[in-house]
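1. Can you look at this prediction? I've put the sequence above it.
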Amino acid sequence: MNEESVKEWIRFADENCNAGITLFKNNSENFKNIVCYNMQQAVEKYLKAYLVANNIEIDDNHRKHHTHDIAKLIETCKKIDNDFSSLYKIEADRLTDYAVKSRYPASDNPSIEDERESISITEQVRQFIIKKINKISHIF
């Protein structure tokens, strides 16, 4: 495992998560799309950090893991550890829609409740991923 690469993925995920939370706390009404987008990005990167921790490269040459689809990433992680199925119970996969939809005008923009839920999901995924990575190597 390349611990520095894992830490880098977590750092980038944390940046997305913290940016979304900051925007939510400062003016949730005006940043709903960006908050939800950042939460999707964070969850995607947390999952990719777990894959990297398990020696699966995430780069342009490994396109099958170069995805925004949370469900696909969960399924890949489940091949390593079936506990990842629990992420469906918290509906982590529903954040996938924010990867693209939240960046362009749409009639079904997220609500403040969607923001809250996406933050809650992201925080739960982060906690789950950090525990899983720490079982492999105590880097956090």
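-> Yep, that arrived.
2. how about low-confidence regions in the protein?
-> For the chain, the stretches with pLDDT under 70 are 60-66, 102-103, 106-107.
3. Run through the strands of it in chain order.
-> Using DSSP state E, the chain contains no strands.
4. Skipping adjacent residues, who's closest to the most centrally placed residue in the chain in space?
-> With distances taken as Cα atoms, centre = their mean, the residue of the chain nearest its centroid is V43 (0.5 Å). In space, and not counting its chain neighbours, V43 is closest to V125: 5.0 Å by Cβ to Cβ, 6 or more residues apart in numbering. The C-beta positions use only the backbone N, C-alpha and C, and glycine is treated the same way.
5. before we move on, what about Q41?
-> With sequence-adjacent residues excluded and distances taken as Cβ to Cβ, 6+ apart, Q41 is closest to N16, at 4.2 Å.
6. do the same with I80
-> According to Cβ to Cβ, 6+ apart, the nearest residue to I80 is N54 (5.2 Å).
7. who are the neighbours in contact with the one you found?
-> Counting by Cβ atoms under 8 Å, 6 or more residues apart in numbering, N54 touches 1, 80, 136.
8. show me what contacts the nearest residue to M1 once chain neighbours are set aside?
-> Spatial nearest neighbour of M1, excluding adjacent residues (Cβ to Cβ, 6+ apart): A53 at 5.4 Å. For A53, the contact set (Cβ under 8 Å, 6+ apart) comprises 1, 6, 132-133, 136-137.
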